[in-house]
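Visitor: what's the 3D shape of this:
(chains A, B, C and D)
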Number of protein chains: 2
Amino acid sequence: MPLPSPPTRPALRARYEARRSEVVAAAAELFAERGYDGTSMSELTATTGLAAGGLYHYIEGKDDLLIAICEELLEPLLERAREITATGAPPVEQLRELVAAWVAHVVAHRHHMLVFTQERQAIERQPRWRHVRSQRKAFEKILDDLLARGEADGSMTFADRRLSLLALLGMVNYTPQWVRPNGRLSAAEIADGYCAMVLGSRS
Amino acid sequence: MPLPSPPTRPALRARYEARRSEVVAAAAELFAERGYDGTSMSELTATTGLAAGGLYHYIEGKDDLLIAICEELLEPLLERAREITATGAPPVEQLRELVAAWVAHVVAHRHHMLVFTQERQAIERQPRWRHVRSQRKAFEKILDDLLARGEADGSMTFADRRLSLLALLGMVNYTPQWVRPNGRLSAAEIADGYCAMVLGSRS
DNA sequence: TCGAAGTTCGAAGGATTGTTCGGTTTTCGC
DNA sequence: GCGAAAACCGAACAATCCTTCGAACTTCGA
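Guide: Modelled structure (predicted):
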């Protein structure tokens, strides 16, 4: 079952998708602030300017928004990660590049990320959540493989590689909870700091 | 407004508190699994065995449970942190001790911790949430002061002390999302790994 | 054993929520 | 400018959900 009424005329398709993305962005901001279950559809109609009926022109339901937020967040990140690991650069350089892109992405899409990390239970009770899960798993595997290659060629040393991976995930996932736009540290500085801790601070 | 009917007879007080704590524990497990707003009171009556009316004998309302979970989690942790920092031991040793106690606490109370970290929005919309906030702030200040003392006496080195603090918070807060009872790593091993990363892995 | 305090029940109420649907207005292609 | 597709409205619906309340049952102290 696709969207309630996706336009068939190609010329209108772009406008439709843009408007839908606006709705998803508004939902991300609201969900990040009040929580998924804590946000009512009437709050969403208020911030989008659309009435109830108009809103459902762009989404299948409230669940749909949650999945859309996660996919909008994970898809470009996963693609960038695959680009970086395909360069053939040394593992340490790849890691620095990947963490930099990752942190920048997380900071730029704070609201999406907050929903992704804070609404795990709400996401997991959706029927379509398995796709989100597979995307997250794929990203974590890219990271783990990268650390494994660095460990194998001796350019990285870990007391416990899996723990270092989990620690890195923890640091980055926590970032949107404290980072502010125009904050003291840039995304690149934050990423550098994280890499230093994971790699043992021997630059 | 205290609880609906706290028993005045001292002999019954203990039984009452114990039963209440059971209810809070059951709520913590449910909230951790399904989310606060995603859990209905009827699910709570099902797992506690109490009917609706009996349940409200021990709690003021659903909000009360959320606050109780946070306080049961933070109070003993904060007390332990104060004990450790009052010993006068060298900062590095105090940090190792504190992180070990912290991780052990987080692992032992996974469900409470998951509610505390995942239901931030639900907590912040409660009227009584300021007490929880002050306890969290107090704990973070203890940690920050400890790092500051270590930096001051030269026993610790940070590229950016605040970033190291936030990274540590991220690692530990993320732990309950992946840790399993009887998992591969003990709480002490996890804590050691975290300390090594924050302190620069020069043991 | 008696009376009171404590505990539990479960149906009912009041409020909110996500979603639908018929109709109206706007926009686009020709 | 005409007709159809698209966009939008908003009242109404069905389903939950949290909480209350009066009554019944159990336990304790004397």
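
Visitor: which residues are there in chain A that come within reach of chain B?
Guide: Proximity of chain A to chain B, by C-beta under 8 Å from any C-beta of the partner chain, involves residues A:33-38, A:118-122, A:125, A:159-160, A:162-164, A:166-167, A:169-175, A:177-178, A:184-185, A:189-190, A:192-194, A:196-198, A:200-201. Any C-beta I mention is one placed from the backbone N, CA and C, and that applies to glycine too.

Visitor: So which of these are in helices?
Guide: Using DSSP state H to define helices, the subset of these located there is A:33-34, A:118, A:120-122, A:162-164, A:166-167, A:169-174, A:189-190, A:192-194, A:196-198.

Visitor: List the contacts of the nearest residue to A:Asp37 once chain neighbours are set aside.
Guide: Leaving aside its chain neighbours, A:Asp37 sits nearest to B:Asp37 (3.0 Å; criterion: C-beta to C-beta, 6 or more residues apart in numbering or on different chains). The contact partners of B:Asp37, by C-beta atoms under 8 Å, 6 or more residues apart in numbering or on different chains, come to A:35-38, B:122.

Visitor: residue nearest the centroid of chain A?
Guide: A:Leu73 (3.6 Å; C-alpha atoms, centre = their mean).

Visitor: where's that one, which helix or strand?
Guide: Element membership of A:Leu73, judged by DSSP states H and E, is helix A:62-85.

Visitor: elements contacting whichever helix or strand comes after that helix?
Guide: Scanning forward in sequence from helix A:62-85 by DSSP H and E, the next helix or strand is helix A:91-108. For helix A:91-108, the elements it packs on are helix A:62-85, helix A:129-152, helix A:161-174, helix A:187-199, judged by 3 or more C-beta pairs under 8 Å, 6 or more residues apart in numbering or on different chains; DSSP states H and E.

Visitor: Mean pLDDT and distance to B:Glu93 for those - can I get that in TSV?
Guide: Listed next are those as TSV, based on pLDDT from 0 to 100; distance: least, C-beta to C-beta, whole Å:
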stretch	mean pLDDT	distance to B:Glu93
helix A:62-85	97	39
helix A:129-152	97	30
helix A:161-174	98	21
helix A:187-199	98	20
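
Visitor: Can you say which of the ones you listed is nearest to A:Leu55?
Guide: A:Leu55 lies closest, by C-beta to C-beta, to one member of the helices and strands packed on helix A:91-108: helix A:62-85, at 9.8 Å.

Visitor: In contact with A:Pro176, which residues?
Guide: Taking C-beta under 8 Å, 6+ apart, we find A:Pro176 in contact with A:106-107, A:110, A:113-114, A:117.

Visitor: Can you tell me which of the residues of chain A next to chain B are buried?
Guide: By the neighbour-count criterion of 16 or more other C-beta atoms under 10 Å in any protein chain shown, the residues of chain A next to chain B include these buried positions: A:33-38, A:118-119, A:121-122, A:160, A:163-164, A:166-167, A:169-175, A:177, A:185, A:189-190, A:192-194, A:196-198, A:200-201.

Visitor: Tell me the spacing between the nearest residue to A:Pro76 once chain neighbours are set aside and A:Val99.
Guide: Spatial nearest neighbour of A:Pro76, excluding adjacent residues (C-beta to C-beta, 6+ apart): A:His105 at 7.2 Å. Using C-beta to C-beta, to the nearest Å, A:His105 is found at 11 Å from A:Val99.

Visitor: more crowded one of these two?
Guide: Neighbour comparison, A:His105 and A:Val99: the larger count goes to A:Val99, with 25 against 19 (by other C-beta atoms under 10 Å in any protein chain shown).

Visitor: my guess is that one meets A:Cys195, correct?
Guide: Yes: look at A:Val99 against A:Cys195 with C-beta atoms under 8 Å: they come within range, at 5.3 Å.

Visitor: mind checking pLDDT for A:Pro127?
Guide: Looking at A:Pro127, its pLDDT reads 89.

Visitor: how about it, phi and psi?
Guide: phi -70, psi -30 (degrees, to the nearest 10).

Visitor: for it, what are its contacts?
Guide: A:Asp63.

Visitor: run the last query once more with 6 Å
Guide: Neighbour list for A:Pro127: empty [criterion: C-beta atoms under 6 Å, 6 or more residues apart in numbering or on different chains].

Visitor: what's the answer for A:Tyr174, then?
Guide: Shown in contact with A:Tyr174 (C-beta under 6 Å, 6+ apart): B:170, B:173.

Visitor: do you know how far the nearest residue to A:Pro91 once chain neighbours are set aside is from A:Thr157?
Guide: Setting aside the residues directly before and after it, A:Pro91 is nearest to A:Gly150 in space (C-beta to C-beta, 6+ apart), at 3.6 Å. From A:Gly150 across to A:Thr157, the span is 9 Å (C-beta to C-beta).

Visitor: again with A:Pro176
Guide: Going from A:Pro176 to A:Thr157 by C-beta to C-beta gives 30 Å.

Visitor: How about A:Pro6?
Guide: Look at A:Pro6 and A:Thr157: by C-beta to C-beta, they are 52 Å apart.

Visitor: cool, A:Ala81 as well?
Guide: A:Ala81 sits 23 Å away from A:Thr157, taking C-beta to C-beta as the criterion.

Visitor: Please apply the same query to A:Leu166.
Guide: Going from A:Leu166 to A:Thr157 by C-beta to C-beta gives 17 Å.

Visitor: And A:Asp64, by the same measure?
Guide: According to C-beta to C-beta, A:Asp64 stands 45 Å off from A:Thr157.

Visitor: the more surrounded of these two?
Guide: Using other C-beta under 10 Å as the criterion, A:Asp64 and A:Thr157 rank with A:Asp64 on top: 18 against 13.

Visitor: Would you mind listing the buried residues in stretch A:129-137?
Guide: Of the residues in stretch A:129-137, A:129, A:132, A:135-136 count as buried by neighbour count, 16+ other C-beta under 10 Å.

Visitor: at contact distance from DNA strand C, anything in it?
Guide: No: with C-beta under 7 Å from any atom of the strand as the criterion, DNA strand C is not reached by stretch A:129-137; the gap is at least 14.9 Å.

Visitor: and that stretch, C-alpha only, in CSV?
Guide: What follows is stretch A:129-137, C-alpha atoms only, in CSV (Å, rounded to 0.1, in the frame of the first residue of the first chain):
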residue,chain,number,x,y,z
TRP,A,129,11.0,-1.4,11.6
ARG,A,130,13.1,-4.2,10.3
HIS,A,131,14.4,-2.1,7.4
VAL,A,132,15.6,0.5,9.9
ARG,A,133,17.2,-2.2,12.0
SER,A,134,19.1,-3.6,9.0
GLN,A,135,20.4,-0.2,8.1
ARG,A,136,21.7,0.4,11.6
LYS,A,137,23.3,-3.0,11.6
